[in-house]
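Student: Let's see this in three dimensions:
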Amino acid sequence: MEYIIITNNSKVYNFYKETNEVLFYQKKDLIDLLEIIREKIYAGHILLSDPILSTLDNLDNPYKSVAISKADFLGEILIRDDSQKKMIDSAIKIAKKLPFRKIISDTEEAELEKYRFIDLNILTEFIKRLDNF
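Tutor: Below is the predicted model:
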C-alpha cells in the first residue's frame with residue numbers, strides 16, 4: 001500500500017523526502033500534528049501506523065511521525081467503519097492528557113537530535129514491516 005508520512009521531525013523529512021510523499025510541519029507540536037492527521041482521516045485516509053503508542057513510551061519526545069494511506073477511501077466500504085475516526089479522536093484525547101510535553105524551544109539541541117533519531121527509528125522499523133507486508 002502506498003503511504004504518506006506526516007511529521008514534525010526534520011530528520012524524518014530529510015530521510016524520506018526523495019522517495020516518499022512527506023508532509024512536514026516543522027513548528028507543530030504533538031496535538032497540532034494529530035489534529036492535521038485527524039483532518040486526513042476524516043477525509044477518508046487510513047491510519048497505517050499508531051498515532052500515539054510510541055508517544056506513551058517517549059513522553060518527552062516532541063517529535064511524531066505517522067504513516068497514513070496515500071489514497072483516500074471516502075467512497076469505499078471502509079468509510080462506513082468509524083474505527084479510524086475513533087482511533088484518531090482517542091489519540092488526541094490521550095495526548096491532551098499526557099502529563100508532560102516539552103516545548104521544542106526549551107530543549108537543548110543535542111537532546112532534540114536524540115529525539116529526532118528515536119522518532120526516525122520508530123517510523124523506519126514500521127515502514128520496513130509495511131513494505132514487506
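Student: Averaged over its residues, which helix or strand of the chain has the lowest pLDDT?
Tutor: Least confident element among the helices and strands of the chain, by mean pLDDT, DSSP states H and E: helix 53-57 (a mean of 64).
Student: Show me the contact partners of the helix or strand just after that one.
Tutor: Sequence order places strand 65-69 as the next helix or strand after helix 53-57, per DSSP states H and E. Outside strand 65-69, the residues within contact range by CB atoms under 8 Å, 6 or more residues apart in numbering are 1-9, 12, 33, 37, 40-41, 45-51, 119-120, 122-123, 126-127, 130. Any C-beta I mention is one placed from the backbone N, CA and C, and that applies to glycine too.
Student: So which of those sit within helices?
Tutor: When the contacts of strand 65-69 are checked against helices using DSSP state H, the ones located there are 12, 33, 37, 40, 41, 119, 120, 122, 123, 126, 127, 130.
Student: and the second one, what is it in contact with?
Tutor: Shown in contact with residue 33 (CB under 8 Å, 6+ apart): 6, 7, 8, 25, 64, 66.
Student: Select from those residues the one having the most neighbours.
Tutor: Ranked by the number of neighbours (other CB atoms under 10 Å), the contacts of residue 33 place residue 64 first, at 28 neighbours.
Student: Surely it touches residue 119?
Tutor: Yes - with contact taken as CB atoms under 8 Å, residue 64 and residue 119 are classed as touching, separated by 6.6 Å.
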